[in-house]
Structures are given as structure tokens and as C-alpha cells.
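J.: Quick one: sequence plus predicted model below, questions after.
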Amino acid sequence: AQSVSQHNHHVILSEAASLELGCNYSYGGTVNLFWYVQYPGQHLQLLLKYFSGDPLVKGIKGFEAEFIKSKFSFNLRKPSVQWSDTAEYFCAVNTEYGNKLVFGAGTILRVKS
Amino acid sequence: GAGVSQSPRYKVAKRGQDVALRCDPISGHVSLFWYQQALGQGPEFLTYFQNEAQLDKSGLPSDRFFAERPEGSVSTLKIQRTQQEDSAVYLCASSVRTGGYNEQFFGPGTRLTVL
């Protein structure tokens, strides 16, 4: 069965600091990879996704993620965080044969102003 | 609005009661998903519909859980004889077509508390 692990459950950063959230998945075949974000009081929304092509994917609000197939990783990055990036971030995966998403446990990011 | 809507937003049930949770997907979306999110965890898949057909129900935790989408639009998740371990946020998502690379749009969820 597929699984997704996110390395940090809580991250606290100051504004303008750089962000990297780790995500590793277990599945040997072709995968589609997603990062979803949940801002306080809001529902889950897509930040970015990868399914083929350039392994460096750019998303909304200055976020990007890099797919490294050899490491089964899809880490999320942002060069300079803002207070408004305070949210919970979820990495998710599905396979070419399935539609259901398998989520990691989430990382709560708090950005101090 | 144009997004996925769910009702009720909050539901408190006494142990043993039956509950029904509703999901209105984005109009025209073929695929509909239900997920369960326990406190401090990521969403976990429950079941998947393509139009009115329930193609995957492998995530339903017991036979007390039942989902339907009779006309291929609105879906209802029913939990019979609720237990305390059913307390969670139940999320509905829809996507415009089948295929794993399609974005799933999530609703706000229904927070179920079983006393």
C-alpha cells in the first residue's frame, strides 16, 4: 500500500526565512504528487502538483516543489515566507491507476511576524 | 457559490445514533470522493464515485458506513449506530473527470462529534 511521510509536524519560522518541508512516499510505480494547503478556517486547496515533465514544479504564492524520483521525495520550498503562509500543509500522492489520494499527516507552519 | 459544499458543517450525535452527511460537488464534476480526517492526521480515503457508480469503497472502516450518489451529483455519507471512534471531520472532494492527475476540489468538511 502507498504511504506518505512528512518529516516535521510543527515548523516555526520568522518572516523572510526560507522554508523546506519534506515529503517522502512509498510506491514503486508512476505517481502523481500534490501539495495541499489549509489556511486557518478555510478548506483544503491545491498549492501545486506534479504528474510528468519538469521535476521542478512552481505553484501559487511563490511555492515550488521538486520531484526526486530516486529519493521518492517531493519537498516543498519557498525562499522567503510571509506571515500569511501560516497554515497546515499536506503532501499527497496517487498512482496512475488510482484516483484516491493518500495524504501525509500534515505539517503545521507558523510564521512569526 | 461555485465550490464544493457540505452540510451540516457540525454534527453532534449520541453514541448509537444514525447520521447522514451531505455533499454537493461542483456542477458537472464526474468524480466524487469522501475522506475522513481524524484530529492531527491527514485525510484518509473512504470511497469514490464516478458519476453514480461507486467504484471504490475500500476505505470504509466498517459496514456501518454507507455512501450513495444516486443521480451522479449530490452524495450522502451515512453512518449507522455511531461510535466515539467515528468522531472526525468528513471531507468531500470532486474533480472534473477521472484520472489521478486531476485536481480534487475539497469542501469545508463536516465535523462529527459522537458523545
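T.: Everything's here; your move. As the structure is a prediction and not an experimental result, all values here were calculated from the model.

J.: Wait, residue B:79 touches residue B:63, no?
T.: No - Residue B:79 is beyond contact range of residue B:63, at 10.8 Å (criterion: CB atoms under 8 Å). Bear in mind the C-beta positions are built from the backbone N, C-alpha and C, glycine included.

J.: Looking at these two, which has the bigger crowd around it?
T.: Neighbours per residue, other CB atoms under 10 Å in any protein chain shown: of residue B:79 and residue B:63, the larger number sits with residue B:79, 24 against 7.

J.: And the pLDDT for that one?
T.: Residue B:79 carries a pLDDT value of 98.

J.: Nearest spatial neighbour of it, chain-adjacent residues omitted?
T.: residue B:19 (5.1 Å; CB to CB, 6 or more residues apart in numbering or on different chains).

J.: same deal with residue B:15?
T.: residue B:114 (5.7 Å).

J.: Pull the contacting residues for the one you found.
T.: Contact criterion CB atoms under 8 Å, 6 or more residues apart in numbering or on different chains gives B:12-15, B:82-87 as the residues in contact with residue B:114.

J.: same check, this time on residue A:45
T.: Residues in contact with residue A:45, defined by CB under 8 Å, 6+ apart, are A:36-39, B:106.

J.: Which one (most neighbours) among the residues you listed?
T.: Most neighbours among the contacts of residue A:45, by other CB under 10 Å: residue A:36, with 26 neighbours.

J.: can you tell me how far it sits from chain B?
T.: 8 Å (CB to the nearest CB, to the nearest Å).

J.: That residue should be in a strand, yeah?
T.: Yes - assessed by DSSP: H, G, I helix; E, B strand; the rest coil, residue A:36 belongs to a strand.

J.: didn't it look like it was pressed against residue A:46?
T.: Yes - the criterion here is CB under 8 Å, and residue A:36 meets it with residue A:46 at 5.8 Å.

J.: OK, now which residue of chain A is nearest to chain B?
T.: Residue of chain A nearest chain B, by CB to the nearest CB: residue A:103 (3.3 Å).

J.: tell me, how many neighbours does the closest residue to that residue other than its chain neighbours end up with?
T.: Excluding its sequence neighbours, the residue lying closest to residue A:103 (CB to CB, 6+ apart) is residue B:42, at 3.3 Å. Neighbours of residue B:42 under the rule other CB under 10 Å: 21.

J.: so what's residue B:42 up against?
T.: Going by CB under 8 Å, 6+ apart, residue B:42 touches A:4, A:90, A:92, A:103-106.

J.: Can I get the buried part of those residues as one PyMOL selection?
T.: To isolate the buried ones among the contacts of residue B:42 in PyMOL, judged by 16 or more other CB atoms under 10 Å in any protein chain shown, type:
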select buried, chain A and resi 4+90+92+103+104+106
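
J.: and the contacts of residue B:42, which of them are in strands?
T.: A:4, A:90, A:92, A:103 (DSSP state E).

J.: Might you report the residue contacts of residue 50?
T.: I'll assume chain A. Contacts of residue A:50 by CB under 8 Å, 6+ apart are A:32-34, A:57, A:65, A:67, A:74.

J.: Can you look at chain B instead?
T.: Per CB under 8 Å, 6+ apart, neighbours of residue B:50: B:30-31, B:98.
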